[in-house]
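Enquirer: Next input, structure requested:
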Amino acid sequence: MAIWRPLLDGLAAGVCSSASSISGGVGCLVQRGSLMALRAILLRHGKLFSVSQWSAILNFVILPAIQIGAENDSSPVLKILSDSPSVSSLDFLGEPLPLPPSCDDEGLKKFAAMAQSEESSPSRNLGNAELLVEASFADLRHGGDGDLSKAYSLKKKDAEKRVVDLQPFPDSWIATTAPVALGMMSDLISEHFLDLGEQGREKLWPLVMGQLLRWSIGASQDNVEVEKVTDDHGNEIFVDMEEWQPCEALVRIGCKEWGRCLQRVASAISRLSKEESRDWLSVVTSHVSDALTTNVTLQRRLIKNVVHAKLEAIGLKSGANNSRNTKIIDNTYLGLLPRLKIQCIASHCLQQHISTVADELSVIAPEPQPSRVLDALEESRILACNARENNDLAHAFQEACFEQWGVSVDQVDAALLRSNSGALHRGTCPIFFLTQEASAAKAEILLLSCLYRQLPHDTGSVSFAESLLMERIKDVLTTFLASEEKEGPSIDPNIWRNANESGCQVAFFCTSFVGVVINILETILSLDGDRFDRHKGTLFPLLCSLVRTQSDEIRHLVCEIFRCQVGPLINAADPGSRPTESC
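Expert: Okay, the predicted model is just below:
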């Protein structure tokens, strides 16, 4: 370790350097290059380190460096806030990099030969770690994708003056370096920590999890220091003294890495023992569900604070107790809304990533884990449902939008009355919380349907999953039909042409839940004959009502269900028929 520490410390210093380094349109060249080299070395040689050495590397080298880099960023990226959780304004964020090639990779050998031919190169052969550093910087300078096997081809094109796409925020550490930095954590888990078994779970995973939590949901409010101050009106309030909270960009990066961790653990099931697979999936999913539960708790507190502060601002009492435990973090309710929106985005993103591992969770994880995840999703769904129906909260969201647009606050009430036109949906309370509610319902239904289909028929778990699944299906379809009948005539027909993607931009239940309804219908279509027959009394009236919906995707699936599920029950179709591309 004494040999490695100077190299790792030097690269870590480069990762969090505050020096501006833009070359050829590539921003944060020193920071990104140092990080790519550090990542390549750790992935290549990580098996040389013991658990205690890995703990020291994480605690004293990697995690402090990436946190310093994030906190030192003062670019405009910090203030970018999307108008909806499902439609990001941060599509310029980078992607995780491919794993580094092996020592005998032909592409890396070609790069070494080309590097040795340069006049400034050392007379000796480049070492393995040194070669990775050189290849990483060459890839970065010439606009590569992180695949070091192709670095020689980029270097070869020096004379051709390769054109590099300009970055919108080249000086932003968060925009250029953060995705690779946190992505390195997922890579280390899959390549090294999974193979360390119980010690990896107990000593290394908590360190990685702490960084994921810090970026995805922020500091725990239970540990935040507060101070009593007097505002401009002479009122005493408690101000949050926490100086740093993640911006939306970091929240989306952090939530994405939760998803990558889940995916990496799920993909490693084939190489791990059944017990190790179960234990790893259990610990990661339990912490994801805990993160969601914690974030929902923070949302609940903020909603209470927003409504309380708004009512007090207009001279009304909300009944909330403005005590030390309330922890008001701003003396105006409009100042609380950006944080609330970011936490709503965090809940939505976490729920999306939980959906991606529903199959593995239902089969591999021990029995308590699916229930724990379902509880967290249900808590999020209920909070979002209540929030979207809170008129005081909706009014505060509208006031924030009008203040941003420079419109008089006196026009808010009139604007709310005509909001069904769809012109004022962006950035509103319904669009944020309907999106959160829809992603929670979708994750619940996917997990319940996996449990229902894959567990034996005669177990208590399948009975629980069956009753809860049918309850959720009935609730969603009933509310969807009512919303579609009420709001459908006022919705632009173009929204329905691809409602599964564009519906989330319009704040109606029927458009926000199109994707959930499609998942429900696919679940119904996948049921075996006996299970469909058992619930036909509940499902048939709802399916008949869905025939009139304006969504082509929904009508097509209803057609398939009638042909493949209802048809055999009335001897009008082959029981073994399968869905086709058209009815």
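
Enquirer: From here on, just use CA atoms for contacts and neighbour counts.
Expert: Noted.

Enquirer: Contacts only, for Leu337.
Expert: Leu337 is in contact with 306, 397, 400, counting by Cα atoms under 8 Å, 6 or more residues apart in numbering.

Enquirer: again, only using 10 Å
Expert: 302-303, 306, 343, 393, 396-397, 400, 429 (Cα atoms under 10 Å, 6 or more residues apart in numbering).

Enquirer: Just the mean pLDDT for the helix or strand harbouring it, thanks.
Expert: Per DSSP states H and E, Leu337 falls inside helix 337-355. Across helix 337-355, pLDDT averages out at 94.

Enquirer: swap in stretch 57-73?
Expert: The model assigns stretch 57-73 a mean pLDDT of 95.

Enquirer: From what I see, Ser75 and Ser172 are in contact.
Expert: Yes: using Cα atoms under 10 Å, Ser75 is in contact with Ser172, at 5.6 Å.

Enquirer: higher neighbour count, these two?
Expert: Ser172 (23 against 15; other Cα atoms under 10 Å).

Enquirer: mind listing the strands in this structure by residue range?
Expert: 226-230, 236-240 (DSSP state E).

Enquirer: Excluding chain neighbours, give the residue nearest to the most centrally placed residue in the chain in space.
Expert: Geometric centre of the chain, nearest residue: Cys349, 3.0 Å, by Cα atoms, centre = their mean. Spatially, and ignoring its direct neighbours in sequence, Cys349 is nearest to Cys255 (6.0 Å; Cα to Cα, 6 or more residues apart in numbering).

Enquirer: With Thr523 instead?
Expert: Thr523 sits nearest to Ser449 (Cα to Cα, 6+ apart), 6.6 Å away.

Enquirer: least trustworthy helix or strand in the protein by mean pLDDT?
Expert: strand 236-240 (a mean of 46; mean pLDDT, DSSP states H and E).

Enquirer: tell me which residues in stretch 517-537 are buried?
Expert: 517-526, 529, 532, 536 (16 or more other Cα atoms under 10 Å).

Enquirer: Tabulate those residues in TSV, adding columns for pLDDT and distance to Leu99.
Expert: Shown next, in TSV, are the buried residues of stretch 517-537 (pLDDT from 0 to 100; distance: Cα to Cα, whole Å):
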residue	pLDDT	distance to Leu99
Val517	95	38
Ile518	94	36
Asn519	94	34
Ile520	96	37
Leu521	96	39
Glu522	94	36
Thr523	93	36
Ile524	94	40
Leu525	93	39
Ser526	90	37
Gly529	86	45
Phe532	91	45
Lys536	92	50
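
Enquirer: among the residues you listed, which are in helices?
Expert: 517-526, 529, 532, 536 (DSSP state H).

Enquirer: one step back: how near is the residue nearest to Thr523 to Thr549?
Expert: 24 Å (Cα to Cα, to the nearest Å).

Enquirer: now do Ala112
Expert: Ala112 sits 62 Å away from Thr549, taking Cα to Cα as the criterion.

Enquirer: and what of Ile342?
Expert: 33 Å.

Enquirer: Neighbour count: those two, which is higher?
Expert: Applying other Cα under 10 Å to Ile342 and Thr549 shows that Ile342 carries more neighbours, namely 25 against 17.

Enquirer: Excluding covalently adjacent residues, which one is nearest to the more buried one?
Expert: Ile342's closest residue in space is Glu248 (Cα to Cα, 6+ apart), at 5.7 Å.

Enquirer: What count of nearby residues applies to that neighbour?
Expert: Glu248, neighbours per other Cα under 10 Å, totals 29.

Enquirer: With Leu272 instead?
Expert: Neighbours of Leu272 using other Cα under 10 Å come to 16.

Enquirer: same check, this time on Glu95
Expert: 15.

Enquirer: wait, isn't it in contact with Val180?
Expert: Yes: counting by Cα under 10 Å, Glu95 touches Val180, with 6.9 Å between them.

Enquirer: measure Phe433 to Phe513 for me?
Expert: Applying Cα to Cα to Phe433 and Phe513 gives a distance of 12 Å.

Enquirer: With Arg271 instead?
Expert: Distance from Arg271 to Phe513, by Cα to Cα: 38 Å.

Enquirer: So between the two, which is more surrounded?
Expert: Phe513 (26 against 10).

Enquirer: Which residues are in contact with the closest residue to the more buried one other than its chain neighbours?
Expert: Spatial nearest neighbour of Phe513, chain neighbours left out: Ala438 (5.7 Å); criterion: Cα to Cα, 6+ apart. Neighbour list for Ala438: 348, 351-352, 381, 384-385, 444, 476, 504, 509, 512-517 [criterion: Cα under 10 Å, 6+ apart].

Enquirer: ok, and the most crowded of these?
Expert: So for the contacts of Ala438 (other Cα under 10 Å), the most neighbours sit at Gln351, 29 neighbours.

Enquirer: In this structure Glu522 contacts Gln565, no?
Expert: No: judged on Cα under 10 Å, Glu522 makes no contact with Gln565 at a distance of 11.7 Å.

Enquirer: Which residue ranges of the stretch 1-150 of the chain form helices?
Expert: All helices of the stretch 1-150 of the chain, identified by DSSP state H, counting those that start in this stretch, fall at 4-15, 29-45, 51-57, 63-72, 106-116, 128-141.

Enquirer: Now the first one: buried residues?
Expert: Put plainly, it is helix 4-15. Within helix 4-15, the residues that count as buried by 16+ other Cα under 10 Å are 8-9, 11-15.

Enquirer: How about the last one?
Expert: Of the residues in helix 128-141, those with enough neighbours to count as buried (16+ other Cα under 10 Å) are 129, 131-141.

Enquirer: now do the second one
Expert: For helix 29-45, a neighbour-count test (16+ other Cα under 10 Å) marks 29-44 as buried.

Enquirer: what is the orientation angle of that helix with helix 128-141?
Expert: 140 degrees (axes from the mean of the first three to the mean of the last three Cα atoms, to 10 degrees).

Enquirer: Next, the angle from helix 29-45 to helix 4-15.
Expert: Using the same axes, to 10 degrees, helix 29-45 lies at 150 degrees relative to helix 4-15.
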